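Trainee: Please work out how this folds:
(chains A, B, C and D)
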2 protein chains.
Amino acid sequence: MTEPAAAAASGGRAGGTPWHPVTRNRSHELVLDQIEEQILAGTLRVGDRLPGERDLAGHLQVSRAAVREAIRSLEAQGVVRSAVGSGKDAGTVVSAMPSQALTRLLRLHVALANFPMPDVVDARVMLERSSATLAADNASPEALRAMRETLDAMDRADIGQETFNDLDTDFHVAIAEASGNRLVADMTIALRDSMRRPILHALHGLGSDWGRVADRLRADHRAILAAIEEGDGARAADRVDRHIRSAYDALPFAEMGQRD
Amino acid sequence: MTEPAAAAASGGRAGGTPWHPVTRNRSHELVLDQIEEQILAGTLRVGDRLPGERDLAGHLQVSRAAVREAIRSLEAQGVVRSAVGSGKDAGTVVSAMPSQALTRLLRLHVALANFPMPDVVDARVMLERSSATLAADNASPEALRAMRETLDAMDRADIGQETFNDLDTDFHVAIAEASGNRLVADMTIALRDSMRRPILHALHGLGSDWGRVADRLRADHRAILAAIEEGDGARAADRVDRHIRSAYDALPFAEMGQRD
DNA sequence: TACCTTTGTGTGGTCTGACCACAGGTGTGG
DNA sequence: CCACACCTGTGGTCAGACCACACAAAGGTA
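Mentor: Take a look at the predicted model:
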């Protein structure tokens, strides 16, 4: 890992070494650089409108296609949002949807097995321990009520695995958002959601054990919520930790890259 | 969460609620969906080549521009890499550079102040505590040697703030990579790098205190490395924790969105 | 006056077809 | 056997046109 030669595996170092690929000539990247520069400098803020595609193309002396491709990159990063029409919020606007973008990114890279399952589990544990600890202090009564309702919904016997899993996600996300830390919450959401498909796949392969596993998960959740309601952050963190690890241990994960 | 109204704050929930914007008609998104589907299904793996842009456009019955915009999105997410020419690794290839993509994404969103500074600091502490703990167990002798050399380079008095900060980043990244957890390392890199510009700005505003602060940071780093070399994960984590928090406390961060 | 319809204008979304630069492979001539 | 020119397929770029949409302003009608 630390051998510089092997660093290229994951795309190389991000900061520091100025290896600037010489092929920085692609015009849409030049457009991208200019827009990003304005964002980093603070000239462009959330809510600001970019010039029209035709104007931008004219001023930067590139084709409209190049401008559009740059905007597409920014859109993929959840930085801008485009809408047709006129007035109000039409046009391309600097807008912030980091959670969606983060989710898509992690989901793809998890699917590509760039991030091994154990790494993902450890990262989830780390993030959610922290979330639970903070949530025990900061959770509002409404947030707690929402969590209870989610768990109540999970108690229904007639829901399918998919609904069960979505509610499971809702519960963990609710804890993350109750922590009050936007960044940690978004990373938690992205990570949990990136596992949706593999988890559903594993649940499907559970067979007759499904009922037993589901009951175990329900009990775990109740215990976690109880600790949070009592304001016992340390206990909540430990319970979340054990919950996540035992859940992954109980699930029959095939090797990544399962075909449908 | 469950309140649909308030969800829009950070771009809305990522999974679960199927709010499907009805504007799913954009053709480049249809292309994107198909490619992503194949990645999620495991049909497309790292190293695979996509069909040529013209072929893809023909098979999907869309224009080449639509295909290119979809590819641009994937490129922004670090999922594919395009190269001209012929043979070998020419064309558009599924390739994994999550670290770069994650870095760009977080950097932009931090600049847009979607993630408040305290949240970022807490997240960094959380990630790097974990990295340090793991590194104390897993760091190879070569990795430890590289860390020492980085710290030696930081001892030189004639280096500028920018070089100092880059070496600082190198040290923290080295710990993250020594942890053995690719995902945590990439998130750490992305987070540290996303703070590069704000940190440099703050260092610049430090004035005559710079020398004192630099010495403090050097001492912190040595202490952290010592704990890792001794294999004392808990102590390393605590030292990293205090190091990061005290560093941010010492730095005069203006409100985000500073102009140049 | 108040309301509705029509028309205008500017936005992103899409498509077509063409040309360029590049990097291999291929074949020919030495 | 080698060196060169040529061919082919790739992404990169561009220009220009048309569409659908959403709002705004002008106009008509009650």
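
Trainee: element containing A:T92?
Mentor: strand A:91-94 (DSSP states H and E).

Trainee: I'd like the next helix or strand past that strand.
Mentor: Moving toward the C-terminus from strand A:91-94, the next helix or strand (DSSP H and E) is helix A:98-111.

Trainee: what is the rounded mean pLDDT of that following helix?
Mentor: Helix A:98-111 shows an average pLDDT of 94 in the prediction.

Trainee: Let me know the next secondary structure element after it.
Mentor: For helix A:98-111, the succeeding helix or strand toward the C-terminus, using DSSP H and E, is helix A:117-138.

Trainee: mind listing the helices in the stretch 151-260 of chain A by residue range?
Mentor: Under the criterion DSSP state H, counting those that start in this stretch, the stretch 151-260 of chain A contains helices at A:161-178, A:182-194, A:196-204, A:210-229, A:233-250.

Trainee: Of the ones you listed, give the one that comes closest to A:Q38.
Mentor: Closest to A:Q38 of those is helix A:182-194 (CB to CB; 22.9 Å). The C-beta positions use only the backbone N, C-alpha and C, and glycine is treated the same way.

Trainee: re the thing from before, now the helices of the stretch 151-260 of chain A as CSV including mean neighbour count and distance to B:P198?
Mentor: Formatted as CSV, the helices of the stretch 151-260 of chain A follow (neighbours: other CB atoms under 10 Å in any protein chain shown; distance: least, CB to CB, whole Å):
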stretch, mean neighbour count, distance to B:P198
helix A:161-178, 22, 25
helix A:182-194, 25, 14
helix A:196-204, 18, 34
helix A:210-229, 17, 33
helix A:233-250, 18, 30
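
Trainee: nearest to chain B, of these?
Mentor: Closest of these to chain B is helix A:182-194, at 4.0 Å (criterion: CB to the nearest CB).

Trainee: Counting by contacts, list what the closest one packs against.
Mentor: Contact here means 3 or more CB pairs under 8 Å, 6 or more residues apart in numbering or on different chains; DSSP states H and E; on that basis helix A:182-194 packs against helix A:98-111, helix A:117-138, helix A:161-178, helix B:117-138.

Trainee: ranking those helices by burial, who's on top?
Mentor: Counting by mean count of other CB atoms under 10 Å in any protein chain shown, helix A:98-111 has the highest mean neighbour count of these, with a mean of 25.

Trainee: and that one, anywhere near chain B?
Mentor: Yes: in terms of CB under 8 Å from any CB of the partner chain, part of helix A:98-111 sits within range of chain B, namely A:98-105, A:107-109, A:111.

Trainee: what helix or strand is the nearest residue to A:L225 once chain neighbours are set aside on?
Mentor: Among residues not flanking A:L225 along the chain, A:M147 sits closest, at 5.5 Å (CB to CB, 6 or more residues apart in numbering or on different chains). Per DSSP H and E: A:M147 is located in helix A:141-155.

Trainee: residues in contact with the closest residue to A:I224 other than its chain neighbours?
Mentor: Excluding its sequence neighbours, the residue lying closest to A:I224 (CB to CB, 6+ apart) is A:R239, at 4.8 Å. Shown in contact with A:R239 (CB atoms under 8 Å, 6 or more residues apart in numbering or on different chains): A:132, A:220, A:223-224, A:227.

Trainee: out of those, who's nearest DNA strand C?
Mentor: A:A132 (39.7 Å; CB to the nearest atom of the strand).

Trainee: quick one, what contacts the most centrally placed residue in chain A?
Mentor: When CA atoms, centre = their mean is applied to chain A, the residue found nearest the centroid is A:A190 (1.4 Å). By CB under 8 Å, 6+ apart, the residues touching A:A190 are A:99, A:102-103, A:105-107, B:14.

Trainee: Farthest-apart pair in those, please.
Mentor: The distance between the two most remote of these (CB to CB) is 12.2 Å, for A:S99 and A:R107.

Trainee: what about A:E37, distance to DNA strand C?
Mentor: The gap separating A:E37 from DNA strand C is 19 Å, by CB to the nearest atom of the strand, to the nearest Å.

Trainee: Look up which helix or strand that residue falls in, please.
Mentor: helix A:27-41.
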